[in-house]
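S.K.: Using only what follows, build the 3D model:
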Amino acid sequence: MGLLDRRQMLVFSTLGPAFTRYAAAMAQEADEVIPFADTTPFNPERPRLPWEQTTAWITPKDHFFRVGHYGFPDVDAAKWKLDIAGLVERPRSFTLDELKKRKLVEKATTIECSGNPAAGGLIGNARWKGTPLAPLLKECGVKPEGIEAVFFAADNGVEKIRGAEYTQHFARSLSVREAIKDTLLLAWEMNGEPLAKHHGAPVRLIVPGWYGICWVKWLERIEIHDRAFLSRFMGRDYVTIRGEKQGGQTIWRETSVGRMNLKAVVGRAVRRNNGVIRIMGAAWSDGTPLQKVELRIDEVPWMPAALSRENSAPFCWTFWSHDWKDARPGEHTLVARAIDVRGKTQPGPDDALITMKKTYWEANQQAVRKIKL
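M.R.: Numbers count the residues shown, from 1 in each chain. Below you'll find the model as predicted:
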């Protein structure tokens, strides 16, 4: 990344103190960003977060991952409506214009794909604008026997189940207890712009602290049920298989992907003008506050990293950094780990939580990044 010129510095100075400090820090960097050994070329057709280029707390749309389980449907916003039905006293339908007249909320929230590798780029932080879901459900009157909220999308495909074929819409569910939390949004804007088709236009569900599979795109129907909802994406796919040794046997469990796991990633290494190597990255969780992030270089003991307080929000990632002042030429390994306020520590690759997990979903093991100086 090149140095900022005087004109760029003047532009940043008009955006407030935080941007001024960011620009000043950028101006101190040398041109050299040290690549990691596992870096893969950026493909705009399959966007992902390029960690080595990441300096902004809010992720640019060109770096935001996208997933479509039955393709990416075109939904006419003018004809779109959201139906709320099932075990409710007053079934309702809402147009997009009707939703936009309700209470508006904009919040920054991090979303991670549950299939994201340990140091992968299927993650991003964005500002989402919409209206809270809970008041709509309360106005419709969830019946006492209603325990599960099922969110249906516009995309659909044919599934073969026990020898027969069925056309099914993509769908995920949450307990009613989760669905009525005031953190959930029905969003139609992302980073100040209308949702793009690939991100769920016209409306998607925002579920802070949960993996992206739960953030249903192209949302068109919510049903309240009196029993657990099981579909391909709840009970057969996006299921984590993990074993636990108990005495002389292994107990295997299958759990549906849900809340995000505690995770820190080494994202970027920069050689500064004074010779110091600045190691940077991000850490996040399901909303449980972070206590600290630690960094290990080669085989030395864990060292504390400095957590950035420039930007912070309950369900957003936190940037961290560490200045490596005595770096020597050669190959080195860098590993980060996050620890939350409850004392939970991000597991290492040899932890039973990782070695006994047989599916790639919810990968939150400490990731080893390699660089050569």
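
S.K.: residue contacts, the nearest residue to Arg342 once chain neighbours are set aside?
M.R.: Closest residue to Arg342 apart from its sequence neighbours, by Cβ to Cβ, 6 or more residues apart in numbering: Thr288 at 6.3 Å. Placement of C-beta: from N, CA and C, glycine included. By Cβ atoms under 8 Å, 6 or more residues apart in numbering, the contact set of Thr288 is Leu262, Asp340, Val341, Arg342, Lys344.

S.K.: same question, His322
M.R.: Here His322 is in contact with Arg278, Ile279, Met280, Leu295, Met303, Pro304, Ala305, Ala306 (criterion: Cβ under 8 Å, 6+ apart).

S.K.: Would you confirm that the last one contacts Trp320?
M.R.: Yes - at 6.3 Å, Ala306 and Trp320 qualify as touching, with contact defined as Cβ atoms under 8 Å.

S.K.: buried subset of the contacts of His322?
M.R.: Arg278, Ile279, Met280, Leu295, Ala305 (16 or more other Cβ atoms under 10 Å).

S.K.: Mind checking which of the residues you listed are in helices?
M.R.: Within these, no residue falls in helices by DSSP state H.

S.K.: out of those residues, who's nearest Phe170?
M.R.: Of all the buried ones among the contacts of His322, Met280 has the smallest distance to Phe170: 35.8 Å, by Cβ to Cβ.

S.K.: In this structure the closest one contacts Arg272, no?
M.R.: No - Met280 lies out of contact with Arg272 (Cβ under 8 Å); the separation is 11.5 Å.

S.K.: the strands in the stretch 1-150 of the chain, which residues?
M.R.: 29-33, 81-86, 92-95, 105-112, 123-132, 148-161 (DSSP state E, counting those that start in this stretch).

S.K.: For Gly146, give me its contacts.
M.R.: Gly86, Leu87, Val88, Val176, Ile224, His225, Asp226.

S.K.: Most neighbours out of those residues, which is it?
M.R.: Within the contacts of Gly146, most neighbours by other Cβ atoms under 10 Å means Ile224, with 24 neighbours.

S.K.: mean confidence score for the one helix or strand that one maps to?
M.R.: In this assignment (DSSP states H and E), Ile224 forms part of strand 219-225. Per-residue pLDDT over strand 219-225 has a mean of 98.

S.K.: Quick one: distance of that strand to the chain centre.
M.R.: 23 Å (Cα atoms, centre = their mean, to the nearest Å).

S.K.: buried residues in the helix or strand just after that strand?
M.R.: Note on strand 219-225: by DSSP H and E, the next helix or strand toward the C-terminus is strand 239-246. For strand 239-246, the buried set under the neighbour-count rule, 16+ other Cβ under 10 Å, comprises Val239, Thr240, Arg242.

S.K.: Repeat that for stretch 68-80.
M.R.: His69, Tyr70, Phe72, Pro73, Val75, Trp80.

S.K.: Show residues contacting that stretch.
M.R.: Against stretch 68-80 from outside (Cβ under 8 Å, 6+ apart): 66, 95-96, 154-157, 169-170, 197-198, 201-203, 217-218, 220, 233.

S.K.: let's see 6 Å
M.R.: For stretch 68-80, contacts defined as Cβ atoms under 6 Å, 6 or more residues apart in numbering pick out Leu96, Ala154, Asp155, Asn156, Gly157, Phe170, Lys197, His198, Pro202, Trp218.

S.K.: Okay, domains of the protein per the record?
M.R.: Annotated domains of the chain cover 6-50+258-372, 63-241 [automatic domain parsing].

S.K.: looking at the ones you listed, which is closest to Gly248?
M.R.: Nearest of the domains of the chain (Cβ to Cβ): domain 6-50+258-372, 15.3 Å.

S.K.: for that closest one, what is the average pLDDT?
M.R.: 87.

S.K.: Over to stretch 139-150?
M.R.: Mean predicted lDDT for stretch 139-150 stands at 98.

S.K.: Compute the number of surrounding residues for Ala196.
M.R.: A total of 13 residues lie near Ala196 under the criterion other Cβ under 10 Å.
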